[in-house]
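Engineer: This is a predicted model, with the sequence first.
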Amino acid sequence: MGVLVDQFPLFLNGFLGTVRICLFAAIGSLVFGTLIAAFRVSPLPPLRWLGSAWVTGFRNCPLAVVLFGFAFGLPEVGIGAPFEVFGIIGLTAYTSAFVCEAVRAGINSVATGQAEAARAVGLTFQQTLGNVVLPQALRSVVPPLGSVIIAMIKNSAIVGAFGVGGELFSVEGTLTAQGYPALVSLTGVALGYLVLTIPAGVLLGVVERRVAVKR
Amino acid sequence: MRFTHVLRASAVAAALALAATACGGGSTTSSSGDPAAAENPSFEAGTTMDRLAKAKAIKIGTKFDQPLFGLKGLDNKPVGFDVEIGKIVAAKLGIPADKITYEETPSRVREEVIEQKKVDAVVATYTINDTRKQRVSFAGPYYVAGQDLMVKKEDTAITGPESLKAANAKVCSVTGSTPAKEIAKFVDAANIVLFDVYSKCADSLRNGQVQAVTTDNVILLGLIDTSQGAFKLVGKSFTTEPYGIGITKGDVKFCEFINKTLTEAVADGSYERAWKATAGKVEPKVPTLPPAGACS
């Protein structure tokens, strides 16, 4: 167990790397997922098709395949970027599909009368969605969104296999290769993820109570 | 892109198989390039050489998965520079190449097979170091490997580890490996890209995400061999890994015999032929035989 103390800087560095990746991917996938959800309920068929295609594609592919596609596919067509950027893009694209479906469930839960009333007073589609439907929809989907984000934090362990150096999970590989026992290193890694995910769950609980719809 | 590789590889394999059948069942063709076995050599009684020469058979441990050094092909025979070195030693004992039995000796079992006398010698990209010397003796070295850089064929900016910084090059290696630690002396951490396997490094080098791949030159030569001419070795090793022939601890006479055999192999050109027939296909420069270490 001395490894955890001796190698603390390495663990901390990996932890911060994972926090950085997850922060960008969480913000990106929440914003993007909501946008795709709006596409899926929009009155324009091409936008609806785009939304469905996005969700079908990214929700049904293994994350490793998605990440591989970005990290090795984009450079193949001449789009180069640091691997961390590819990792964040891949994680965002994948997670946004799940965010989209959670948000869409929320939208469907808003009574039809709300949208009809908004249209009756002359609001456009954007106004109806942005000012009437989404504020109500998002309040009710905090718990599923929380699960999606926590799953994303754990999924981020895979980006280490795609050239992203210095994230938490790859610390285990580094230490094992130096001769430290894998099980102990993995315990440290697990603790690192728990430090991230448990407070994230608590925080989401607070948000949920704050914004809950009084019915 | 991977898929076309697979297709191409299988096409080549099919073509080779066809060519092999076309040649017909000639059995002696493969031994034509092998060193000629000495006729009835005599050795001091009781030595390992005497025992092997009388038995007219030898067991050699080598790797079966290291391209250019010891790689077992579809015909079930390992080929490579290590295998050729084994043949040279066997020939001096009067043992022809077809009387050599090869045992697979991956890195973690090499000391054990020698201690348990399962093989007479191990020639398996076996770096001589003090930890290992406590359990086995080493003859040679017969080759000095070292960490090197692999770049694209057309790259002229990268000439060695010192040039990486000026070229602002990204360097790829494998997570947690010794080469990854070693290269950190030359480039900023932000410019080191780590994967779980070297094949991903090769892919990233091909599509321009990294400018160099670093690890032991022996592994790099294997990657270059399969790159269809896309990559080249920079050829400036910055670590030294002397490869020796592992034998039973304390067998000084066998060790001295192997060292003498190696020197003679350089003199009669069989060392050069062994290199050219194997690793020399990728790295034409024939290595000079490093000075032999002390036998103990």
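Structural biologist: Perfect, I can see it now. Numbers count the residues shown, from 1 in each chain, chains lettered A, B, ... in the order given.
Engineer: Run a quick neighbour tally on B:A38.
Structural biologist: 15 (other C-beta atoms under 10 Å in any protein chain shown). For every residue, glycine as well, the C-beta is placed using N, CA and C.
Engineer: helix, strand or coil for it?
Structural biologist: At B:A38 the chain is in coil, as set by DSSP: H, G, I helix; E, B strand; the rest coil.
Engineer: show me what contacts the closest residue to it other than its chain neighbours?
Structural biologist: Spatial nearest neighbour of B:A38, excluding adjacent residues (C-beta to C-beta, 6 or more residues apart in numbering or on different chains): B:G94 at 4.7 Å. Neighbouring residues of B:G94 by C-beta atoms under 8 Å, 6 or more residues apart in numbering or on different chains: B:37-41, B:53, B:56.
Engineer: Kindly report the same for A:G146.
Structural biologist: Here A:G146 is in contact with A:200-201, A:204-205, A:208 (C-beta under 8 Å, 6+ apart).
Engineer: roughly how far apart are the residue nearest to B:A38 and chain A?
Structural biologist: 44 Å (C-beta to the nearest C-beta, to the nearest Å).
Engineer: got it, and B:P106?
Structural biologist: Taking C-beta to the nearest C-beta, one finds B:P106 at 17 Å from chain A.
Engineer: Look at that residue and report its pLDDT.
Structural biologist: With respect to pLDDT, B:P106 has a value of 81.
Engineer: three-state assignment of A:A93?
Structural biologist: A:A93 ends up helix, using three-state DSSP.
Engineer: so how far is the longest helix anywhere in chain A from its chain's centroid?
Structural biologist: Ordering each helix of chain A by length in residues (DSSP state H) puts helix A:8-40 first. In terms of C-alpha atoms, centre = their mean, to the nearest Å, the centre of helix A:8-40 is found 6 Å from the chain centre.
Engineer: for stretch B:94-110, same thing?
Structural biologist: That offset, for stretch B:94-110, works out to 14 Å (C-alpha atoms, centre = their mean).
Engineer: Over to stretch B:254-271?
Structural biologist: From the chain centre to the centre of stretch B:254-271 is a distance of 17 Å (C-alpha atoms, centre = their mean).
Engineer: Any buried residues in it, and which?
Structural biologist: B:254-255, B:257-259, B:261-262, B:265, B:270-271 (16 or more other C-beta atoms under 10 Å in any protein chain shown).
Engineer: again, but for stretch A:113-133
Structural biologist: Applying 16+ other C-beta under 10 Å to stretch A:113-133 flags A:115, A:118, A:123, A:125, A:128-129, A:132-133 as buried.
Engineer: Get me the contact residues on chain A for chain B.
Structural biologist: Proximity of chain A to chain B, by C-beta under 8 Å from any C-beta of the partner chain, involves residues A:71-72, A:75-76, A:80, A:83, A:160-163, A:165-166, A:170, A:173-178.
Engineer: The same query, at a cut-off of 10 Å, please.
Structural biologist: A:13, A:68, A:71-84, A:86, A:160-166, A:170-178, A:180 (C-beta under 10 Å from any C-beta of the partner chain).
Engineer: I'd like to know which of the residues you listed are part of helices.
Structural biologist: Using DSSP H, the residues of chain A next to chain B in helices are A:13, A:68, A:74-76, A:83-84, A:86, A:170-177.
Engineer: Which is the succeeding secondary structure element to the helix or strand harbouring B:Y143?
Structural biologist: Counting by DSSP states H and E, the element that carries B:Y143 is strand B:136-145. Following strand B:136-145 in sequence order, the next helix or strand is strand B:147-152 (DSSP H and E).
Engineer: what about the next helix or strand after that following strand, average pLDDT?
Structural biologist: Per DSSP H and E, the first helix or strand lying C-terminal to strand B:147-152 is helix B:163-166. Throughout helix B:163-166, pLDDT has a mean value of 87.
Engineer: Show me what counts as buried in helix B:163-166.
Structural biologist: With burial defined by 16+ other C-beta under 10 Å, the residues of helix B:163-166 counted as buried are B:163-164.
Engineer: Excluding its own residues, what touches that helix? List them.
Structural biologist: Taking contacts as C-beta atoms under 10 Å, 6 or more residues apart in numbering or on different chains, the residues outside helix B:163-166 that touch it are B:149, B:157-159, B:169-171, B:183, B:186-188, B:191, B:211-212, B:214, B:234, B:236.
Engineer: Strands - which of these land there?
Structural biologist: Residues of these located in strands (DSSP state E): B:149, B:171, B:212, B:214.
Engineer: any idea what sits nearest the second one, other than its immediate chain neighbours?
Structural biologist: In space, not counting the residues next to it along the chain, B:V171 is nearest to B:A212; the distance is 4.8 Å by C-beta to C-beta, 6+ apart.
Engineer: And that neighbour, how close does it get to B:R132?
Structural biologist: With distances taken as C-beta to C-beta, to the nearest Å, B:A212 is found 30 Å from B:R132.
Engineer: same check, this time on A:V3
Structural biologist: Distance, A:V3 to B:R132, using C-beta to C-beta: 26 Å.
Engineer: Which helix or strand in chain A has the lowest average pLDDT?
Structural biologist: Of all helical and strand segments in chain A, the minimum by mean pLDDT, DSSP states H and E falls on helix A:170-177, at a mean of 77.
Engineer: could you check the angle helix A:8-40 makes with that one?
Structural biologist: 140 degrees (axes from the mean of the first three to the mean of the last three C-alpha atoms, to 10 degrees).
Engineer: on contacts alone, who are the packing partners of helix A:170-177?
Structural biologist: Packing partners of helix A:170-177 (3 or more C-beta pairs under 10 Å, 6 or more residues apart in numbering or on different chains; DSSP states H and E): helix A:2-6, helix A:8-40, helix A:182-211, helix B:178-183, strand B:192-195.
Engineer: any idea how far it is from the chain center?
Structural biologist: Per C-alpha atoms, centre = their mean, the centroid offset for helix A:170-177 relative to its chain is 25 Å.
Engineer: and it with helix A:182-211, angle?
Structural biologist: 170 degrees.
Engineer: The residue nearest to B:V171 and B:Q147 touch, don't they?
Structural biologist: No - if you go by C-beta atoms under 10 Å, B:A212 and B:Q147 don't touch, sitting 11.7 Å apart.
Engineer: Mutual contacts of the two, please.
Structural biologist: B:161, B:173, B:183.
Engineer: what would those look like in CSV with neighbour count and distance to B:V122?
Structural biologist: CSV is the format used below for the shared contacts of B:A212 and B:Q147 (neighbours: other C-beta atoms under 10 Å in any protein chain shown; distance: C-beta to C-beta, whole Å):
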residue, neighbour count, distance to B:V122
B:P161, 23, 31
B:S173, 25, 27
B:I183, 23, 29
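Engineer: now, which of those residues sits nearest chain A?
Structural biologist: B:S173 (10.1 Å; C-beta to the nearest C-beta).
Engineer: any idea whether that closest one is helix, strand or coil?
Structural biologist: Of the three states, B:S173 takes strand under three-state DSSP.
Engineer: The closest residue to it other than its chain neighbours: what's it in contact with?
Structural biologist: By the measure of C-beta to C-beta, 6+ apart, the closest residue to B:S173 outside its immediate chain neighbours is B:A180, 4.2 Å from it. For B:A180, the contact set (C-beta under 10 Å, 6+ apart) comprises A:165, A:174, A:177, B:171-174, B:192-194, B:214-215.
Engineer: and the strand or helix carrying A:N108, average pLDDT?
Structural biologist: Using DSSP H and E, A:N108 sits in helix A:83-109. Helix A:83-109 comes out with an average pLDDT of 95.
Engineer: go on, stretch A:205-214?
Structural biologist: Per-residue scores along stretch A:205-214 average to 83.
Engineer: Find me the pLDDT at the residue nearest to B:S173, would you?
Structural biologist: With respect to pLDDT, B:A180 has a value of 82.
Engineer: What's opposite B:G246 in the beta bridge?
Structural biologist: For B:G246, the beta-bridge partners under DSSP bridges are B:V122, B:F138.
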